[in-house]
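A.B. asks: Provided below are the primary sequence and the corresponding predicted coordinates.
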Amino acid sequence: MRNVTKPLLIAFLVMLLGSTAARAAQEKIFVTVKATSIRRDRQFYAPTVASAVFRDPLLVLAREKDWIRVRAKGVEGWIHASATAATAVSVSAKEAAVGVSEGDVAFASKGFDAAVEREYAKGKSQANFAGVDRMEKLATSESALAEFKRAGNLRARGEKP
Amino acid sequence: MNGSRAGRGLLAAAALLWAAAGCSTAALKDVAAKTARTGVAIKDKAVVHGGALASETAAHGKAVAQTTTKALRKGFADLTPQEEYFIGRAVAARVLGLYRPADNPEATRYLNTLGLAVAQASSWPETYGGWHFMLLDSDEVNAFAAPGGFIFVTRGLHQSCRTEEQLAAVIAHEVGHVTLRHGLGAIKTSRLTEAFAIIGTEAVKEFTGANLAKITEAFAGTIDDIIDQMVSLGYSRWQEYAADAEGGRIAYRAGYNPAGLAEFLQSLQARAAKAEKKGFFSTHPPAADRLEKVEELIVAEKLKGETDPARTARFSKTR
């Protein structure tokens, strides 16, 4: 009895692991930010292996804390989870179950966008969108940020203890 | 002399702008509680940012965009990162209609680098349009956080800080307001219900005519709600505590000494009390309460850090 149970249990576990891995390999997510990088390692200063933009599809290979290993554009690398989602619009699990597709609905749906902003700006003289455009151009390069951290002895502490 | 007294009075009042909490409603508190508990806004297991939905929740056939959208989206937690970005841009535009940017490129560059170092340690390091920081030309001691990652710090607040740790802690607090989505929580639910209904009924790719006017009206109301809360009323005391706690954790993860926030609150409290021993400060005691809670947090979560002299030295050059 004991000799029969053990191989069966091992076979079951192998099947379970294989099934989980297969599901993970098939999972598709999308980029939800204007522009980002797929990186060689799980950190923001790691070299970029590919650029990604809003709506780019990514194939999930693995997950490690806040980072996701993905395949896209013929390369593999890491992307931070906050730059991705299964859809670009949030849906409840209950409602998703009744028929929300992963990409088409999300990206087809409209909302507060550039056209609405243009219309809004017409009637709002006190809204300084030119100032916001200038603010968005105040970009910090990765090398400048790395030097700022080095000079200030700033060492990220990873997860909260 | 009078000028000095008036200056201290102004500082005391200005300090309260940043330190004092605003009004609250039960509904708002509930919503905020929900987001703060999770660290990211989660509704029915759907992660709004900071992660992906489980594959099981997606994709079962092809739904019609307008009907599903109408049925699905109910409140601010259902706004997409892109929508949050456009809301944030409009709120930021209104802030820049009230305050002029400071003409100090060096300090602005420093603020952006420091701000990014802090924001990357948050639960939402990558927003749709990225994190951006602006120094405002105002003596007020104040800071604002618009949805999507637009952070404003006044010259008065910058000059009130004594160390980089203090400025980093204040920025971390503002980043916390964004990641906890406190600004979006100020939007009246009816605005979004109306907007989502319009969005759900338009079958074309872009709004036109009457529907464009209606969605723009809902958008304008949304921006007014956030500006009222953020600039005029202030966040609730409960939200300030939540942003303090989240800010403390963010500052710690970024490598800063989270005690910077406690030091800054202490300094505000002392200077305001000196200038105005009774009055507004005594009727709005959150600085003292916040200080106590921040100190408790540092002990409870073992967030002890060191204030680095190299950071303090470079900060001094920007004041």
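C.D. replies: Received, thanks. Residues are numbered from 1 along each chain as shown, chains lettered A, B, ... in the order given.
A.B. asks: hmm, who's touching whichever strand in chain A runs longest?
C.D. replies: Counting by DSSP state E, the longest strand found in chain A is strand A:57-64. For strand A:57-64, contacts defined as Cβ atoms under 8 Å, 6 or more residues apart in numbering or on different chains pick out A:24-31, A:38, A:42, A:52, A:68-72, A:76, A:78-79, A:81, A:84, A:103, B:52. For every residue, glycine as well, the C-beta is placed using N, CA and C.
A.B. asks: Could you give the average pLDDT over that strand?
C.D. replies: In this model, strand A:57-64 has an average pLDDT of 95.
A.B. asks: How about it, which residues are buried there?
C.D. replies: Neighbour counts over strand A:57-64 (16 or more other Cβ atoms under 10 Å in any protein chain shown) mark A:58, A:60-61 as buried.
A.B. asks: again, but for stretch B:289-302
C.D. replies: Buried residues in stretch B:289-302 (16+ other Cβ under 10 Å): B:289-291, B:293-295, B:297-298.
A.B. asks: so can I have CSV of the residues you listed showing pLDDT?
C.D. replies: Listed next are these as CSV, based on pLDDT from 0 to 100:
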residue, pLDDT
B:289, 83
B:290, 86
B:291, 88
B:293, 91
B:294, 91
B:295, 92
B:297, 94
B:298, 93
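A.B. asks: Give me the subset of the residues you listed lying in strands.
C.D. replies: Per DSSP E, those never map to strands.
A.B. asks: Show the low-confidence segments of chain B, by residue range.
C.D. replies: B:1-72, B:201-206, B:272-286 (pLDDT under 70).
A.B. asks: go with 90
C.D. replies: Low-confidence segments of chain B (pLDDT under 90): B:1-80, B:140-142, B:189-215, B:230-238, B:265-292, B:304, B:319.
A.B. asks: and what of chain A?
C.D. replies: Using pLDDT under 90, chain A drops low at A:1-27, A:44-45, A:55, A:85-113, A:123-126, A:139, A:155-161.
A.B. asks: make it 50
C.D. replies: For chain A, the stretches flagged by pLDDT under 50 are A:1, A:24-25, A:88-108, A:159-161.
A.B. asks: Phi, psi for the closest residue to residue A:42 other than its chain neighbours please.
C.D. replies: Nearest residue to residue A:42 in three dimensions, chain neighbours excluded: residue A:67, at 4.1 Å (Cβ to Cβ, 6 or more residues apart in numbering or on different chains). Here is the backbone geometry of residue A:67 (degrees, to the nearest 10): phi -110, psi 150.
A.B. asks: Please verify my assumption that residue A:67 contacts residue A:83.
C.D. replies: No: applying Cβ atoms under 8 Å as the test, residue A:67 and residue A:83 come out as separate, 10.3 Å apart.
A.B. asks: Which one of those two is surrounded by more residues?
C.D. replies: Ranked by neighbour count (other Cβ atoms under 10 Å in any protein chain shown), residue A:67 and residue A:83 place residue A:83 first, with 28 against 19.
A.B. asks: got a list of what that one touches?
C.D. replies: Here residue A:83 is in contact with A:31-33, A:36, A:52, B:126 (Cβ under 8 Å, 6+ apart).
A.B. asks: so what's it closest to, chain neighbours aside?
C.D. replies: Residue A:83 sits nearest to residue B:126 (Cβ to Cβ, 6+ apart), 4.0 Å away.
A.B. asks: cool, residue A:47 as well?
C.D. replies: Using Cβ to Cβ, 6+ apart, the nearest residue to residue A:47 is residue A:40, at 4.8 Å.
A.B. asks: Verify the contact between residue B:134 and residue A:133 for me.
C.D. replies: No: assessed by Cβ under 8 Å, residue B:134 is found out of contact with residue A:133, at 11.9 Å.
A.B. asks: If you count surrounding residues, which of those two has more?
C.D. replies: Shown here are residue B:134 and residue A:133; by other Cβ under 10 Å, residue B:134 has more neighbours (25 against 11).
A.B. asks: Quick one: name whatever helix or strand follows the longest strand of chain A.
C.D. replies: Using DSSP states H and E, the helix or strand that follows strand A:57-64 towards the C-terminus is strand A:67-72.
A.B. asks: Can you tell me the strand partners of that next one and which way each runs?
C.D. replies: strand A:57-64 (antiparallel), strand A:75-80 (antiparallel) (DSSP bridges).
A.B. asks: what packs against the strand or helix carrying residue B:134?
C.D. replies: Residue B:134 belongs to strand B:132-136 when assigned by DSSP H and E. If you count contacts as 3 or more Cβ pairs under 8 Å, 6 or more residues apart in numbering or on different chains; DSSP states H and E, strand B:132-136 packs onto helix A:129-136, helix B:105-119, strand B:150-154, helix B:155-160.
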